[in-house]
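Participant: A structural model of the following input is requested.
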Amino acid sequence: LGSGQERSGVDFQLKLMAAVRVSGTVMGPEGPARNLGVKLFPLGADEFTSDSGIEAAATATDATGSFTFLGVTPGDYTLKCLRMPRPLASSAPQAMTTIEVMGPNGSMMSMSSVGGASGPAPPLPTELTLWATVAVSVSETDVTGLSVTLRPGARISGRLVFDGAKDPPTAEQLQRASIQINPISGSPPIQILTAAKRIEADGRFSSVGYPPGRYTVTASVPSTPSTPGVPGIPSSWTLRSAIFGGHDI
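Facilitator: Below you'll find the predicted structure:
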């Protein structure tokens, strides 16, 4: 369609097709993967959109690791499952950040928000990130006996480096910094969005495992929390680059 062009008579004809069952078993490093979500996506769908909400079928494994999709129509699909470890809870107190901003009539307004924990981040979970991707071709008969094997994800680690005339963030600020690792295509699944990451006082960081794919990496440093009589100071540091193997990625 060109700009402002209208098109009519674009009709679709639906025809009845026999739906079949697709079943199999998911195995992890320690045996059958129980209570794990399993989804079936149209082949190539992840090339133009995210995985969220476009699955052709979804189910979960039972106590023996077995799963069954119902009502699957003929076609080519990709079966996916992902289990990321739960972040460990932090017992450190939450930090309150207060920033003074100029109001529309020249008055000063105080805006507060609760940031990350003021102490060191909790340790990373020891559980592995487990993932699997399997190509599935469906015809007019049931597909049975699929064998899905979970594999561990790759951990990401590195170091935050500050290049500029300003004083670098304090160790306490560094431990409250944010590093985001998101898939390039579409919105990230909630499991990846909340994946645990840890930043040390010297700027070193590490994460739980991630499944294969293309990701963007961003980082930000929080504002300096306010103290009685002293307003907080917004961070003067922004992301400049992410270097791996000598190349800006």
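Participant: residues contacting the residue sitting nearest the centre point of the chain?
Facilitator: By C-alpha atoms, centre = their mean, the chain has its centre lying nearest to Ile192, at 2.1 Å. Neighbour list for Ile192: Leu82, Met84, Ile181, Asn182, Pro183, Tyr210 [criterion: C-beta atoms under 8 Å, 6 or more residues apart in numbering]. No exception for glycine: its C-beta is placed from N, CA and C like everyone else's.
Participant: mind listing which of those residues are in strands?
Facilitator: Leu82, Ile181, Asn182, Pro183, Tyr210 (DSSP state E).
Participant: ok, Leu193 - how many residues close by?
Facilitator: 13 (other C-beta atoms under 10 Å).
Participant: give the closest residue to it in space, chain neighbours not counted.
Facilitator: Asn182 (7.2 Å; C-beta to C-beta, 6 or more residues apart in numbering).
Participant: Thr218 now?
Facilitator: Gln180 (4.8 Å).
Participant: closest one to Ala201 out of the contacts of Ile192, please.
Facilitator: Ile181 (20.9 Å; C-beta to C-beta).
Participant: and the closest one, bridged to which residues?
Facilitator: Listed by DSSP bridges, the beta-bridge partners for Ile181 are Val217.
Participant: is it correct that it is in contact with Gly213?
Facilitator: No - the criterion here is C-beta atoms under 8 Å, and Ile181 misses it with Gly213 at 10.2 Å.
Participant: look up how far Val22 lies from the residue nearest to Thr218.
Facilitator: Separation of Gln180 from Val22 (C-beta to C-beta, to the nearest Å): 35 Å.
Participant: equivalent analysis for Pro212, please.
Facilitator: 23 Å.
Participant: between the two, which has more neighbouring residues?
Facilitator: A side-by-side neighbour count of Pro212 and Val22, using other C-beta under 10 Å, places Val22 first with 23 against 10.
Participant: mind exporting the helix or strand harbouring that one as PDB, just the C-alpha atoms?
Facilitator: Assessed by DSSP states H and E, Val22 sits inside strand 20-28. C-alpha atoms of strand 20-28 as PDB (Å, rounded to 0.1, in the frame of the first residue of the first chain):
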ATOM      1  CA  VAL A  20      -4.000 -33.200  15.800                       C
ATOM      2  CA  ARG A  21      -2.100 -33.800  19.000                       C
ATOM      3  CA  VAL A  22       1.600 -33.200  19.500                       C
ATOM      4  CA  SER A  23       3.200 -34.900  22.500                       C
ATOM      5  CA  GLY A  24       6.500 -35.800  24.000                       C
ATOM      6  CA  THR A  25       8.800 -35.600  27.000                       C
ATOM      7  CA  VAL A  26      11.200 -32.900  28.300                       C
ATOM      8  CA  MET A  27      14.400 -34.100  30.000                       C
ATOM      9  CA  GLY A  28      16.700 -31.900  32.100                       C
END
